[in-house]
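1. just to be clear, the model below is a prediction. Sequence and coordinates:
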Amino acid sequence: MTATTGQSPGAMNMVTRLKLSSMMFLQFFVWGAWFVTMGTFLDGSLEASGSQISLAYLTQSLGAIAAPFFIGLIADQFFSAQKVLGILHIAGAVLLFWASTLSTFSAFFPVILAYMILYMPTLALVNSVSFRQMTNPERQFPAVRVLGTIGWIVAGVIIGWLAWEQNETLSLTFRMAAIASLILGVFSFVLPATPPIRSGGKSTIRDILGLDALALLKNRSYLVFFLSSIAICIPLAFYYNFTNLFLNEAGVRSAAAVQSLGQASEVLFLLLMPFLLIRLGVKITLAIGMAAWALRYVFFAFGDAGGLYWMLLLGILLHGICYDFFFVAGQIYTDKFAGERFRSAAQGMITLATYGVGILIGSLAAGPIVDNFATADGHDWTQIWIIPAVIAAVVLVLFLLLFKDRGTVGHPTLLDASRTTLEAPGTTVAPEGLPRHRSP
């Protein structure tokens, strides 16, 4: 069912497109408005340690772990997605404004934890609202989703333009995010109706956790990819948690605005991804992403705000390759490999593993490491960044040795790897290593 009945295939009502694009812009503007600079805010205004900064950032992981339960048990069963989205963002606006008024970490942490438990489910909700209005999501969704990345970039540019980092007024980022969250909350109630789909049964814990997709792990290559996804998120936590603090200590002006270059490169490589996957194949594409992670941290370790400023810029610009070549390519690989039966469960499982387990481990590890290299006037960032560089390099080497891409370069190997063929009425032949399933 779509909101575009009667239109030609691939068409979408312009008003609907504008609403969805505005929703995406505000959704990621809210997140980018405070998340990037939170480490610097906690260090300067709340005098938090590195471990406390990491603890604040791992609320993202806790929210990601809680999100499937919230969506599966509440939103998918009883309420329209756009109404749940509105309520969560209005409540989130109150929490963000409250966070801006707090002066101790012990008071700040439970508020930001509550906020992230509310915010992380909205990432799935905005996708749900979007997909339900589209006749051809493969073609229509990227043009809508890219407004989210633009929203994140605009938030960083505003912070840099108003010099909130230099003026040590980063509490205002939470208030800016609160205003945007309130606007999105109210706006959500005029979004296209997205009622729950009545499937005749309620979601179970097994459905919500995507446990059916565990069958995919019987395939060695997918198991290697799955474990690599968790492992590569450990160095990712260093980037999320401490890049803004690092750039400010290094003397980079308008660091949040400079960091938005990473999202700009993400947009570029996202547009190139379909072509690169076909030309390179999944293994090389994923490996390039992991190699970019290691190289980025090497640039951070040895760059500075003076003559080697170009290294810092390249490290930030590599974000597009780091994210798109691994996460986006991995999501496509998972979608094609899992097939129709396991598709939703597999995406839920890989999201829980990366943003939940992987970044959680990385955040717990990054904080003590940063504290260990604290100095009288900041931190020894060269020693700090070498550690995630080594982790990413080790993950890359193990991935190259263990992952087997059976396809050929220049062909859509992801489709070949996941294709199932009809064997008999009601029976399919699954990819190698997976059980066969008989439909009811």
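-> Received, thanks. All values reported here derive from a predicted model rather than from experimental measurement.
2. and the strand or helix carrying Tyr297, what's buried?
-> Secondary structure assignment for Tyr297, by DSSP states H and E: helix 282-302. For helix 282-302, a neighbour-count test (16 or more other C-beta atoms under 10 Å) marks 282-301 as buried. C-betas here are computed from N, CA, C, even on glycine.
3. what does stretch 222-235 give?
-> 222, 224-235.
4. mind listing which of those are in helices?
-> Among the buried residues of stretch 222-235, the ones falling in helices (DSSP state H) are 222, 224-235.
5. kindly reformat those as JSON lines and extend each row with distance to Ala56 and pLDDT.
-> Converted to JSON lines, those look like this (distance: C-beta to C-beta, whole Å; pLDDT from 0 to 100):
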{"residue": "Tyr222", "distance to Ala56": "33", "pLDDT": "88"}
{"residue": "Val224", "distance to Ala56": "32", "pLDDT": "92"}
{"residue": "Phe225", "distance to Ala56": "30", "pLDDT": "91"}
{"residue": "Phe226", "distance to Ala56": "28", "pLDDT": "91"}
{"residue": "Leu227", "distance to Ala56": "27", "pLDDT": "93"}
{"residue": "Ser228", "distance to Ala56": "27", "pLDDT": "93"}
{"residue": "Ser229", "distance to Ala56": "24", "pLDDT": "91"}
{"residue": "Ile230", "distance to Ala56": "22", "pLDDT": "92"}
{"residue": "Ala231", "distance to Ala56": "23", "pLDDT": "94"}
{"residue": "Ile232", "distance to Ala56": "22", "pLDDT": "92"}
{"residue": "Cys233", "distance to Ala56": "17", "pLDDT": "91"}
{"residue": "Ile234", "distance to Ala56": "18", "pLDDT": "93"}
{"residue": "Pro235", "distance to Ala56": "19", "pLDDT": "93"}
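6. can you map out the strands along the stretch 301-440 of the chain?
-> 374-375, 378-379, 421-424, 427-429, 437-438 (DSSP state E, counting those that start in this stretch).
7. show me where pLDDT drops low in the protein?
-> Applying pLDDT under 70 to the chain flags residues 1-11, 68-78, 138, 197-212, 339-345, 347-348, 405-440.
8. let me see the domain layout of it.
-> Annotated domains of the chain cover 14-193, 207-418+427-432 [automatic domain parsing].
9. the helix or strand Ser54 falls within - contacts with which helices or strands?
-> Assigned by DSSP H and E, Ser54 belongs to helix 50-57. Counting by 3 or more C-beta pairs under 8 Å, 6 or more residues apart in numbering; DSSP states H and E, the packing neighbours recorded for helix 50-57 are helix 38-45, helix 105-131, helix 220-250, helix 359-372.
10. list the buried residues of the next helix-or-strand element following the longest one.
-> Tracing the chain past helix 220-250, the next element assigned as helix or strand by DSSP H and E is helix 255-280. When burial is assessed from 16+ other C-beta under 10 Å, helix 255-280 yields the following buried residues: 255-267, 269-270, 273, 276-278, 280.
11. follow-up on the earlier one: can you give the contact residues for the following helix or strand past the helix holding Ser54?
-> For helix 50-57, the following helix or strand on the C-terminal side (DSSP H and E) is helix 59-70. For helix 59-70, contacts defined as C-beta atoms under 8 Å, 6 or more residues apart in numbering pick out 35, 109, 112-113, 115-121, 123-124, 208-210, 240, 348, 351-352, 355-357, 359-360, 363.
12. and the helix or strand following helix 59-70, what's buried?
-> Tracing the chain C-terminally past helix 59-70 and defining elements by DSSP H and E, one meets helix 81-100 next. The neighbour-count check on helix 81-100 (16+ other C-beta under 10 Å) flags 81-86, 88-100 as buried.
13. any idea how far Val298 is from the closest residue to Ile288 other than its chain neighbours?
-> In this structure, Ile288 finds its nearest non-sequential neighbour in Phe325, 5.0 Å apart by C-beta to C-beta, 6 or more residues apart in numbering. Taking C-beta to C-beta, to the nearest Å as the measure, Phe325 and Val298 are separated by 17 Å.
14. same check on Asn127?
-> Asn127 sits 34 Å away from Val298, going by C-beta to C-beta.
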